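[1] Sharing a model prediction with you, sequence too.
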Amino acid sequence: MKRIARDEIPVLRFTQYGVAFHFICVTPAKGAPRPQDPTEIASFERDLLSYVYTQPPLLETHVLKHLPRNYNERLLETRIQFDSPLVFQSEDQLITLQPPRGAPRVRHRLVQVRVAETRFPQSHLSVFHLVLCPRHGLEESGLSEYDVVKLAKLWVGKSDPEVFQEPYTIENQVRFAPAGDDWMTISELAEAVSGVTPLAARVGTIQLLEAEGFDWDALVPLISRLKKELAGETPASDEREDRRPSPELQAVAGILQCLLDFARVGDVYELRDVFGPAHLVEDELITIHKGALISIASEDRAYQASSEYVGISPYLLIPHAVLLHNHEQLSRAQEAWDEVEAYGGPERSPRWHLDRARVVMGRALDRDYLPNVFHYPGEQELYITGEQSRGLAGLKQVLRDRLSAIVGELEARRDHRRWMADVGTNLLLGVLSVITGLQLANMVMAPETARRIAAGGILLAAALYLTWRIRAARRQSQVGGRGPS
């Protein structure tokens with residue numbers, strides 16, 4: 001494997017941003033912080049949701065103000081430490097990302113933290129939002145494109161094509177120290193400020209507005225051209241000068257893909273697949289790449305209105321919470337199916353286990369999985385894109401088919417039991433009829449004739465019984481070789 005050393009030389013510095021980590025867990029237990037005043041986010045939420053989904057509300061988002069462990073400052077601050085180097089495998093190369101000669105190996109950023117929660121009353125789930133945002137006017141609060149990607153790496157996880165090498169993993173090299181505490185991981189920070197033990201961060205949201213070092217408005221026409229070329233709406237340029245991406249364009253592409261090795265891209269043609277799936281609405285570029293929802297624009301009114309409270313636009317935060325909530329519902333349904341598969345499939349699972357799987361999967365897929373609840377086309381498109389790009393829509397259909405298989409198996413067993421009960425009842429009635437007939441025959445016929453009739457009745461009953469057993473055995477083989485269950 002080829003070993004390459006790259007110097008980390010940023011070209012961008014973002015001064016207005018929000019980087020949100022989303023953690024899903026069950027509704028907080030006793031002792032967890034309670035939301036104090038939902039009005040700061042409630043107006044955004046009412047505006048976001050379609051009318052039919054507002055009463056009763058399917059979700060409620062609150063800012064958490066009174067935090068545990070002496071984190072009583074409303075605008076909590078934390079210091080981020082970025083250690084160098086980072087060593088990771090990218091395709092066929094082992095890359096060491098290091099600071100330039102003479103630069104410090106440890107870099108610190110001081111950011112503010114907002115904590116919010118989106119509760120889903122029907123499913124008893126909550127999504128905690130830990131948002132990092134700038135302390136305005138502080139030089140140390142700005143983030144480079146490398147800082148943004150490193151933070152995103154904390155939730156990318158196993159889907160990351162850049163595989164980090166021990167001991168230079170991203171968890172070891174990016175740490176947090178809030179309110180003078182010892183250094184901790186992002187999950188430990190989330191636990192400290194939320195008061196509960198959330199699961200590992202599955203997804204995250206990045207909103208970038210203002211950056212020093214480049215003119216975003218100048219990049220928008222180039223990105224629009226790349227999207228049109230990919231769609232075949234305009235012919236591709238053959239001029240070599242036009243095919244070399246600028247460092248700023250490379251950096252933006254790295255952010256959209258959550259990749260650190262973006263400097264190796266030497267041809268604009270390679271960036272078409274990066275910008276092609278993204279949505280460009282006026283000057284806002286928004287995309288969903290695996291676990292990241294990313295928005296880049298020159299300005300955003302919702303961000304400015306809510307940054308003091310939540311640190312990121314609610315029009316990004318809430319749709320992403322819905323997608324994560326729905327992903328969790330599919331995970332629950334998948335776990336129930338996996339338990340059925342452990343028995344060898346629906347045909348071999350006990351009835352009580354199939355009943356349980358039917359209830360769990362039906363609740364997750366039909367009751368708790370939220371539809372496209374949003375009012376505006378932008379958020380509706382986010383929901384659709386998220387379902388498709390993350391495979392949620394396809395997995396949901398697969399799980400529905402599996403639920404149908406479980407329901408069909410339960411109905412087949414129920415029909416089988418009914419058939420056996422009917423046959424048994426008819427057989428019993430036949431035997432009783434034979435006995436009654438024999439009694440009457442003894443009264444009106446000679447004993448020899450009565451005995452012959454009795455023998456014939458017994459033979460008839462035996463024939464009926466054997467026919468019932470043969471048909472029952474055939475029926476059992478059709479539903480997996482079981483006896484009655």
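    Looks like it came in fine. Numbers count the residues shown, from 1 in each chain.

[2] what's the neighbour count on Asn172?
    Counted with other C-beta atoms under 10 Å, the neighbours of Asn172 add up to 13. Using the backbone N, CA and C atoms, a C-beta is placed for each residue, glycine as well.

[3] so it is in which element?
    Using DSSP states H and E, Asn172 sits in helix 170-173.

[4] Pull out the buried positions in the helix or strand following that helix.
    Next in sequence after helix 170-173, counting helices and strands by DSSP H and E, comes strand 174-178. Neighbour-count burial for strand 174-178 flags Val174, Arg175, Phe176, Ala177, Pro178 (criterion: 16 or more other C-beta atoms under 10 Å).

[5] Could you dump these into a markdown table and include pLDDT and distance to Leu130?
    Formatted as a markdown table, the buried residues of strand 174-178 follow (pLDDT from 0 to 100; distance: C-beta to C-beta, whole Å):
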| residue | pLDDT | distance to Leu130 |
| --- | --- | --- |
| Val174 | 93 | 14 |
| Arg175 | 92 | 14 |
| Phe176 | 93 | 10 |
| Ala177 | 88 | 15 |
| Pro178 | 81 | 11 |
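
[6] neighbours around the nearest residue to Ala302 once chain neighbours are set aside, how many?
    Excluding the flanking residues, the one nearest Ala302 by C-beta to C-beta, 6 or more residues apart in numbering is Ser313, at 4.2 Å. Neighbourhood size, Ser313 [other C-beta under 10 Å]: 24.

[7] Save the buried residues of strand 174-178 as CSV, and put in distance to Gly232 too.
    Shown next, in CSV, are the buried residues of strand 174-178 (distance: C-beta to C-beta, whole Å):
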residue, distance to Gly232
Val174, 41
Arg175, 46
Phe176, 46
Ala177, 51
Pro178, 50
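
[8] what's the offset of the helix holding Asn172 from the middle of its chain?
    23 Å (C-alpha atoms, centre = their mean, to the nearest Å).

[9] check contacts around Leu110.
    When contacts are counted by C-beta atoms under 8 Å, 6 or more residues apart in numbering, Leu110 is found next to Glu77, Thr78, Arg79, Ile80, Arg135, Leu138, Glu140, Ser141.

[10] Closest one of those residues to Glu117?
    Glu117 lies nearest to Thr78 out of the contacts of Leu110, by C-beta to C-beta, at 18.4 Å.

[11] re the thing from before, counting by contacts, list what the helix holding Asn172 packs against.
    Under the contact criterion of 3 or more C-beta pairs under 8 Å, 6 or more residues apart in numbering; DSSP states H and E, helix 170-173 touches strand 76-83, helix 145-156.

[12] May I have it as PDB, with CA atoms only?
    Provided in PDB are the C-alpha atoms of helix 170-173 (Å, rounded to 0.1, in the frame of the first residue of the first chain):
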ATOM      1  CA  ILE A 170     -11.000  10.100  15.100                       C
ATOM      2  CA  GLU A 171     -12.400   9.400  18.600                       C
ATOM      3  CA  ASN A 172      -8.900   9.700  20.100                       C
ATOM      4  CA  GLN A 173      -7.900  12.700  18.100                       C
END
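
[13] ok, and what's touching that helix?
    Under the contact criterion C-beta under 8 Å, 6+ apart, helix 170-173 has outside partners Phe82, Asp83, Ser84, Leu86, Lys150, Lys153, Leu154, Phe164, Thr185.

[14] If you rank the residues you listed by neighbours, which is first?
    Counting neighbours by other C-beta under 10 Å, the top entry in the contacts of helix 170-173 is Leu86, with 25 neighbours.

[15] Kindly list the main-chain dihedrals of it?
    phi -110, psi 130 (degrees, to the nearest 10).

[16] Tell me who's in contact with it.
    Thr96, Leu97, Lys150, Phe164, Tyr168, Ile170, Gln173, Leu260.

[17] if we take those residues, which one ends up nearest to Arg244?
    Using C-beta to C-beta, the contacts of Leu86 come closest to Arg244 at Leu260, 20.6 Å.

[18] Contact partners for that closest one?
    Per C-beta under 8 Å, 6+ apart, neighbours of Leu260: Leu86, Phe88, Ser90, Ile95, Leu97, Tyr146, Val149, Lys150, Lys153, Glu162, Gly254.

[19] Make a PyMOL selection of whichever of these turn out to be buried.
    Buried subset of these, written as a PyMOL selection, criterion 16+ other C-beta under 10 Å:
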select buried, resi 86+88+90+95+97+146+149+150+153+162+254
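
[20] mind putting the contacts of Leu260 in JSON lines, pLDDT and distance to Gln16 included?
    Conversion of the contacts of Leu260 to JSON lines gives the following (pLDDT from 0 to 100; distance: C-beta to C-beta, whole Å):
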{"residue": "Leu86", "pLDDT": "90", "distance to Gln16": "26"}
{"residue": "Phe88", "pLDDT": "90", "distance to Gln16": "29"}
{"residue": "Ser90", "pLDDT": "86", "distance to Gln16": "30"}
{"residue": "Ile95", "pLDDT": "91", "distance to Gln16": "30"}
{"residue": "Leu97", "pLDDT": "91", "distance to Gln16": "26"}
{"residue": "Tyr146", "pLDDT": "95", "distance to Gln16": "18"}
{"residue": "Val149", "pLDDT": "96", "distance to Gln16": "18"}
{"residue": "Lys150", "pLDDT": "95", "distance to Gln16": "19"}
{"residue": "Lys153", "pLDDT": "93", "distance to Gln16": "22"}
{"residue": "Glu162", "pLDDT": "87", "distance to Gln16": "27"}
{"residue": "Gly254", "pLDDT": "93", "distance to Gln16": "19"}
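
[21] Tell me which helix or strand the residue most central in space within the chain sits in.
    Centroid check for the chain by C-alpha atoms, centre = their mean gives His327 as the closest residue, at 3.4 Å. In the assignment (DSSP H and E), His327 maps to helix 314-342.

[22] how far away is Ile318 from Ser298?
    Counting by C-beta to C-beta, to the nearest Å, the gap from Ile318 to Ser298 is 23 Å.

[23] Tell me which stretches of the stretch 151-300 of the chain form helices.
    Assigned by DSSP state H, counting those that start in this stretch, the stretch 151-300 of the chain shows helices spanning 170-173, 186-194, 216-230, 240-243, 247-257, 272-275.

[24] just checking, what packs against the longest one?
    Using 3+ C-beta pairs under 8 Å, 6+ apart as the contact test, the elements touching helix 216-230 are helix 247-257, helix 272-275, strand 279-281.

[25] Compare the ones you listed and report which one is nearest to Thr385.
    strand 279-281 (7.5 Å).

[26] Could you list the paired strands of the closest one along with their orientation?
    Strand pairing for strand 279-281, determined by DSSP bridges: strand 284-289 (antiparallel).

[27] any idea whether Glu448 is helix, strand or coil?
    helix (DSSP: H, G, I helix; E, B strand; the rest coil).

[28] what about it, how many neighbours?
    8.

[29] For it, report the pLDDT, please.
    The model reports Glu448 with a pLDDT of 70.

[30] Please report how far it lies from Ala455.
    11 Å.

[31] Look at Gly345 and give its secondary structure.
    Strictly by three-state DSSP, Gly345 counts as coil.

[32] Thanks again, I'm all set now.
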